[in-house]
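*Asks:* Build me a model:
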Amino acid sequence: MAIELQMLVYAALLVVPQMGLYVAFGIPQVGLNWAVGPRDEPRALTGMGGRAQRALNNLFESLILFAVAVLTASATGKFGPETALAAQTYFWARVAYVPAYVFGIPWLRSLIWGVGFAATLVIFWQIL
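*Replies:* Below you'll find the predicted structure:
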């Protein structure tokens with residue numbers, strides 16, 4: 001399997017530990033009964049729980065663009081050293097993003113996000 005596709009699979013699997021953080025930090029705030037119930041009345045998470053939730057949402061948002069870039073590069077035969085490095089950079093940026101966000105480290109979180117976003121743009125650039 002091409003490294004780009006491998007990184008896409010790994011990035012998608014990041015949902016699992018991030019969801020675990022979201023649950024671990026969120027349930028104590030909202031209570032187990034609310035979490036397993038219909039959640040008709042929304043409850044806002046704060047602190048680490050809120051940050052874990054936003055980091056997970058951010059993963060979903062960025063993963064869409066990354067997946068489009070990788071799958072389009074695969075379909076058009078545009079994989080190369082640049083796309084491989086960019087895909088690895090995206091994945092490791094997403095790994096680093098979670099603790100930077102959950103622990104509330106300003107500037108670093110945004111810098112890490114920018115690196116991952118730039119890596120996705122590199123793949124798009126190779127396609128065009």
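
*Asks:* Surely residue 27 and residue 35 touch.
*Replies:* Yes - the pair residue 27 and residue 35 qualifies as a contact (C-beta atoms under 8 Å) at a distance of 5.2 Å. C-betas here are computed from N, CA, C, even on glycine.

*Asks:* Just the endpoints, please. Distance across stretch 4-22?
*Replies:* By C-alpha to C-alpha, to the nearest Å, the extent of stretch 4-22 from end to end equals 27 Å.

*Asks:* Identify all contacting residues around it.
*Replies:* 49, 52-53, 55-56, 59-60, 63, 66-67, 70-71, 73-74, 79, 83-84, 87-88, 90-91, 94-95, 98, 102, 123 (C-beta atoms under 8 Å, 6 or more residues apart in numbering).

*Asks:* Give the burial count for residue 33, as a bare number.
*Replies:* Counted with other C-beta atoms under 10 Å, residues neighbouring residue 33 total 7.

*Asks:* Tell me the spacing between it and residue 12.
*Replies:* 31 Å (C-beta to C-beta, to the nearest Å).

*Asks:* Same check on residue 46?
*Replies:* Counting by C-beta to C-beta, the separation of residue 46 from residue 12 is 28 Å.

*Asks:* helices and strands around the longest helix seen in the chain, which ones?
*Replies:* Longest helix in the chain, counting residues (DSSP state H): helix 47-75. Packed against helix 47-75 by the contact rule (3 or more C-beta pairs under 8 Å, 6 or more residues apart in numbering; DSSP states H and E) you find helix 3-13, helix 15-30, helix 81-102, helix 108-127.
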